[in-house]
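In: here is my input, please return the structure:
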Amino acid sequence: MRLSTLISLVFLLISSCNQGQDSKKNALPSDIHEVTVKEVLQTSSYSYLKVIESGSEFWIALPKQDISVGKTYYYKNGFKLTEFESKELNRKFEVIYFVESISSSPDLLAKDTLQIPSNSYHHVKDTSIIKEYSAKVKVEKEEIAPEVNTTGLTIAEIFASKNKYEGKNVRIKGKVTKYNPKIMGSNWIHLQDGTEFNGKFDLTATTALEFQVGTTVFLEGTIRLNKDFGYGYSYEVLLENASIVGE
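Out: Numbers count the residues shown, from 1 in each chain. Take a look at the predicted model:
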């Protein structure tokens, strides 16, 4: 065997090993994020990080800890807030994700931490900013002409007889007024259909589907009552695992 051929085989073997290592490195679970830190802003209780992931830049926040600019970190979950204002920084973030923890290695992410819902912040000593944000979240009633729904229920009917429908599959037609993707493993939408019961006109639903705000949809899902995710994010009535059905 010629020396040049042997050298080529050695380089090929080394290259194959490196590619295998890179493949293992990139083979992360879909819910674990790998980010590189570009900027760090510290407050008394939180670290605000400007990060880049797969070419996209965004901000995340977590309980205060030492973070190095230029270093790669990993986190799981993340609770999306929009138009969030930090009083300490005197700055408003158009979009920011609050996360439970961050690690220099995906293997170091504690299992018990990963199982905590992404919008639960019981570990944070100062939760005032989350509470303050929750208090600002308002749902405004839109002008929608109620329709006769012969194959499903109205929002008013669901709230008026919520105990009757608890745990049951129901169908409802409504307009998507809000859409928040990828929170706790689901996409979240708000529905209105022009009806109301005792001032309750908005129904929140979780779904695996993607929706556009302003579209009218006919959905089927399971009614759940009194779902509390902490710090103001509680739902008297929630439509879970909603899917599109024909009228």
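In: tell me the domain ranges of this protein?
Out: 31-136, 155-244 (automatic domain parsing).
In: please identify which of those is closest to Glu143.
Out: domain 155-244 (7.9 Å; Cβ to Cβ). Bear in mind the C-beta positions are built from the backbone N, C-alpha and C, glycine included.
In: first-to-last residue distance for that closest one?
Out: For domain 155-244, the first-to-last residue distance is 17 Å (Cα to Cα, to the nearest Å).
In: circling back: go through the domains of the chain and find the least confident stretch.
Out: If the domains of the chain are sorted by mean pLDDT, domain 31-136 sits at the bottom with a mean of 77.
In: pretty sure Asn241 contacts Leu209?
Out: No. Here Asn241 does not reach Leu209: they are 10.1 Å apart, not a contact under Cβ atoms under 8 Å.
In: adding mean neighbour count and distance to Val148, write the domains of the chain out as a markdown table.
Out: Below are these laid out as a markdown table (neighbours: other Cβ atoms under 10 Å; distance: least, Cβ to Cβ, whole Å):
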| stretch | mean neighbour count | distance to Val148 |
| --- | --- | --- |
| domain 31-136 | 15 | 35 |
| domain 155-244 | 17 | 10 |
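In: would you list those in TSV and tack on distance to Glu143?
Out: Output for those, formatted as TSV (distance: least, Cβ to Cβ, whole Å):
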stretch	distance to Glu143
domain 31-136	23
domain 155-244	8
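In: figure out which of those is closest to Asn149.
Out: domain 155-244 (5.5 Å).
In: related to what we said a few turns ago, Glu147 is nearest to which of the domains of the chain?
Out: Using Cβ to Cβ, the nearest of these to Glu147 is domain 155-244, at 6.9 Å.
In: looking at Asn18 now. What's its pLDDT?
Out: Looking at Asn18, the pLDDT reads 52.
In: what do you get for the one 4 residues further on?
Out: In this model, Asp22 is scored at 47, pLDDT.
In: regarding this protein, what is its longest strand?
Out: In the chain, with assignment by DSSP state E, the single longest strand is strand 169-183.
In: need the next SSE after that one, C-terminal direction.
Out: strand 186-192 (DSSP states H and E).
In: who are the packing partners of the longest strand of the chain?
Out: strand 79-86, helix 155-160, strand 186-192, strand 216-228 (3 or more Cβ pairs under 8 Å, 6 or more residues apart in numbering; DSSP states H and E).
In: count of neighbours near Ser30?
Out: A count of nearby residues for Ser30, using other Cβ atoms under 10 Å, gives 5.
In: mind listing what it touches?
Out: Contacts for Ser30 (Cβ atoms under 8 Å, 6 or more residues apart in numbering) come out as none.
In: quickly find the element holding the residue lying closest to Ser104 once chain neighbours are set aside.
Out: Leaving aside its chain neighbours, Ser104 sits nearest to Tyr73 (6.1 Å; criterion: Cβ to Cβ, 6 or more residues apart in numbering). When elements are assigned from DSSP H and E, Tyr73 belongs to strand 72-76.
In: how far does that strand sit from the chain's center?
Out: 16 Å (Cα atoms, centre = their mean, to the nearest Å).
In: same deal with stretch 56-73?
Out: With Cα atoms, centre = their mean, you get 18 Å for stretch 56-73.
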